[in-house]
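Novice: Output the structure for:
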Amino acid sequence: MTEMDYKYTLLSSDSEDCQKRPFLFHVDNNNQMNLFAVLEVRKDNYRRWGGLPCFRKAKVYSIGLGLTVMSLVMASYILTGDKKGLLITPSPYQYSTLNNPGLLNSHETDLSFPFNLSSVRDSTNMKLVIKTITSNIEFSTRQLPDLKDLIKYEQHMFSVIPSTFLPNFTNPCWYEEYTGNSTADPYGTNLYALYSKRFRTVFDYLRNAFREHLYRQGNKYYRFRCLPYFYIIGQPKCGTTDLYDRLRLHPDVRFTTFKEPHWWTRKRFGIIRLSEGFHDRYPVEDYLDLFDLAAYQIQDRSQLNASRSQHKRNIIIGEASASTLWDNNAWVYFYENATAKGEPPFLIQDFIHAVQPNAKFIIMLRDPVERLYSDYLYFGIANKSADDFHEKVSESLQLFESCILEYSMKSCVYNTTLNNAMPVRLQIGLYIVYILDWLTVFDRNQMLVLRLEDHATNRKYTMHKVFDFLSLGPLTEQTEAEITKSPASNTRRQADKNLGPMLPVTREILRDFYTPFNAKLAQEFKNDSFLWEKKSKFM
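Specialist: I've put the predicted structure just below:
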């Protein structure tokens, strides 16, 4: 099978694979009413999600589970007879906690009943929840996986990306033998093209330019391939779009055909939206296609420099998926054998480091309290309000507390079930947890960590830090002004601004929750600005 004909699918045609390696939802009978166990994925052997019948069966189990949970909630509603006192379904972890007095300290006895919406505003109770969480925080080191184990799960990727890249190029590039039909559409099976209208807009140019850029040596043809030189990896609602838009204006920087391909974290596993289940896995070739437009320009400039005495600076390519730093939610479905502490055996950065040990990474952060509210406003669908945000924060903190009472902090941060259950994405603001794990495989000088607050008040300063980090050359005054003085991108919508700020009690609760994580971040980078003690003027 040729490279161009290759299609790397998630769902195999072998329906018997489902029966051979069942995907089980297992109820743990050791703990009374431990509903979280229903959501835990137990795999007897590693499997690649083979067989559409298996996927459908899992979906049926999920629907059944959802109906069961809904019935429990409605039963509590009916039994209470009070619409205002509708019981929130507690954390599935929480059932076992509430029925095991040994897990409760003396100050936790007030939590031995399900919270309801009329009581979550009680800041005293929430402070006890946070006290429980913060008393169980520990920053542990992780054991790095062996390369052979990484290759086992991504054999195709490692067969496509070479171990070394072309010299004399700043960007990691190589020539790949092209064995496809010379008349076929080289992008005809690209899954990004099938699902993204944005990628289709550049198809005509790419098709026409493709054969012009094939390199012939003897009887063989080769295509020029590239990976990004740097990645903007996080975090969501921290200014990554604004940074991306400004860097795109630099004459020596190129990006993928659209901002967030999310290949390493989602598309590689066949995830478009988790609510839609799993699709075909996007092969690494489809990801590399997104860099072809930039690769052609690198190739053209290289040939131009070789034919002229005048030399132009090398072009570098960036990729800006704000999920790369933190999103490992797919691991539980694809990797066997969690660590002894229930943590993922592999993280995204393990695979990136294996193919690109010299890559550079830019991380944009902001006050995690404000980040969470911005995240809620941006991704919330309906009935958004400061009150609703407070309730969702309270629910999420209770879920996190119930998890951390039974499991390690890191296993809770990477727990897919918990992350999907929390009404707001508390875990994304635990910056230091993710960064420390990235620092286990990459050197600190390969990372540039910025604050949105600094970027918002002095864009020229932060952009110069980025230029220096990427070793970009000087700019004309006009180009620099275009980059630094253009309006901010992806700011808060007016309708969301009209909702006003979060409640003071919510801010206080979240401040208490994030403080120990911020303190560790400030200590690690020797920079007290990461404490976010001063109220941000940026909304």
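Novice: Might you list the low-confidence residue ranges for this structure?
Specialist: 1-121, 308-312, 535-539 (pLDDT under 70).
Novice: Are we agreed that Leu194 is in a strand?
Specialist: No - assessed with DSSP: H, G, I helix; E, B strand; the rest coil, Leu194 is helix; it does not lie in a strand.
Novice: Quick check: it vs Asp280, distance?
Specialist: 9 Å (Cβ to Cβ, to the nearest Å). For glycine as for every other residue, the C-beta is placed from the backbone atoms N, C-alpha and C.
Novice: now do Phe203
Specialist: The spacing between Phe203 and Asp280, counted by Cβ to Cβ, is 19 Å.
Novice: got it, and Asp245?
Specialist: Taking Cβ to Cβ, one finds Asp245 at 31 Å from Asp280.
Novice: how close does the residue nearest the centre of the chain get to Val284?
Specialist: Centroid-nearest residue in the chain, with Cα atoms, centre = their mean: Ser323, separated by 2.4 Å. From Ser323 across to Val284, the span is 17 Å (Cβ to Cβ).
Novice: Then Tyr195?
Specialist: 17 Å.
Novice: any idea which element the nearest residue to Val441 once chain neighbours are set aside lies in?
Specialist: Distances taken as Cβ to Cβ, 6 or more residues apart in numbering put His353 closest to Val441, at 4.2 Å, once the chain neighbours are dropped. Using DSSP states H and E, His353 sits within helix 348-355.
Novice: Give me the contacts around the helix or strand just after that helix.
Specialist: Using DSSP H and E, the helix or strand that follows helix 348-355 in sequence is strand 360-365. By Cβ atoms under 8 Å, 6 or more residues apart in numbering, the residues outside strand 360-365 that reach it are 229-235, 238-240, 243, 325, 371, 431, 435, 438, 442, 446-452, 455, 466, 469-470, 530.
Novice: Could you pull out the buried residues of whichever helix or strand comes after strand 360-365?
Specialist: Heading C-terminal from strand 360-365, the first helix or strand you meet, by DSSP H and E, is helix 368-379. Across helix 368-379, burial judged by 16 or more other Cβ atoms under 10 Å covers Pro368, Val369, Glu370, Arg371, Leu372, Tyr373, Ser374, Asp375, Tyr376, Leu377.
Novice: Helix 368-379 vs strand 360-365, what angle?
Specialist: Per axes from the mean of the first three to the mean of the last three Cα atoms, to 10 degrees, the angle that helix 368-379 makes with strand 360-365 is 90 degrees.
Novice: list the helices and strands helix 368-379 packs on?
Specialist: If you count contacts as 3 or more Cβ pairs under 8 Å, 6 or more residues apart in numbering; DSSP states H and E, helix 368-379 packs onto helix 386-404, helix 504-525.
Novice: What separation is there between the closest residue to Val355 other than its chain neighbours and Arg268?
Specialist: Of all residues not flanking Val355 in the chain, Ile161 sits nearest, at 4.7 Å (Cβ to Cβ, 6+ apart). Counting by Cβ to Cβ, the gap from Ile161 to Arg268 is 13 Å.
Novice: what is in contact with those two at once?
Specialist: Val284.
Novice: who's in contact with stretch 495-504?
Specialist: So stretch 495-504 is contacted by Tyr373, Leu377, Tyr378, Lys384, Ser385, Ala386, Asp387, Phe389, His390, Arg507, Met539 (Cβ under 8 Å, 6+ apart).
Novice: which residue sits closest to the second one, ignoring its sequence neighbours?
Specialist: Right, Leu377. In space, Leu377 is closest to Asp496, 4.1 Å off (Cβ to Cβ, 6+ apart).
Novice: Tally up the residues packed near that neighbour, please.
Specialist: 17 (other Cβ atoms under 10 Å).
Novice: any idea which of the contacts of stretch 495-504 has the most stuff around it?
Specialist: Comparing the contacts of stretch 495-504 by number of neighbours (other Cβ under 10 Å), Tyr373 comes first, having 25 neighbours.
Novice: what about the closest residue to that one other than its chain neighbours, which SS state?
Specialist: Sequence neighbours aside, Met502 is the residue nearest to Tyr373 in space, at 4.9 Å (criterion: Cβ to Cβ, 6+ apart). Under three-state DSSP, Met502 falls in the coil class.
Novice: how much space between Pro423 and Asp387?
Specialist: Taking Cβ to Cβ, one finds Pro423 at 13 Å from Asp387.
Novice: and what of Leu472?
Specialist: Taken as Cβ to Cβ, the span from Leu472 to Asp387 is 47 Å.
Novice: With Leu249 instead?
Specialist: Distance of Leu249 to Asp387, given as Cβ to Cβ: 41 Å.
Novice: repeat for Leu397
Specialist: Applying Cβ to Cβ to Leu397 and Asp387 gives a distance of 16 Å.
Novice: For the chain, which segments are assigned as strands?
Specialist: Secondary structure of the chain (DSSP state E): strands located at 23-25, 41-43, 173-178, 215-217, 220-226, 230-234, 253-255, 316-320, 360-365, 447-451.
Novice: residue ranges for the helices of the stretch 101-250 of the chain, please.
Specialist: Using DSSP state H, counting those that start in this stretch, the helices found in the stretch 101-250 of the chain span residues 123-135, 147-153, 155-160, 191-195, 197-200, 203-212, 240-247.
Novice: can you list those in JSON lines and add mean neighbour count and distance to Asn518?
Specialist: Formatted as JSON lines, these follow (neighbours: other Cβ atoms under 10 Å; distance: least, Cβ to Cβ, whole Å):
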{"stretch": "helix 123-135", "mean neighbour count": "17", "distance to Asn518": "12"}
{"stretch": "helix 147-153", "mean neighbour count": "13", "distance to Asn518": "32"}
{"stretch": "helix 155-160", "mean neighbour count": "15", "distance to Asn518": "36"}
{"stretch": "helix 191-195", "mean neighbour count": "18", "distance to Asn518": "37"}
{"stretch": "helix 197-200", "mean neighbour count": "14", "distance to Asn518": "36"}
{"stretch": "helix 203-212", "mean neighbour count": "13", "distance to Asn518": "44"}
{"stretch": "helix 240-247", "mean neighbour count": "22", "distance to Asn518": "20"}
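Novice: Take these and lay them out in a markdown table including distance to Thr491.
Specialist: Converted to a markdown table, the helices of the stretch 101-250 of the chain look like this (distance: least, Cβ to Cβ, whole Å):
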| stretch | distance to Thr491 |
| --- | --- |
| helix 123-135 | 30 |
| helix 147-153 | 39 |
| helix 155-160 | 37 |
| helix 191-195 | 27 |
| helix 197-200 | 21 |
| helix 203-212 | 31 |
| helix 240-247 | 8 |
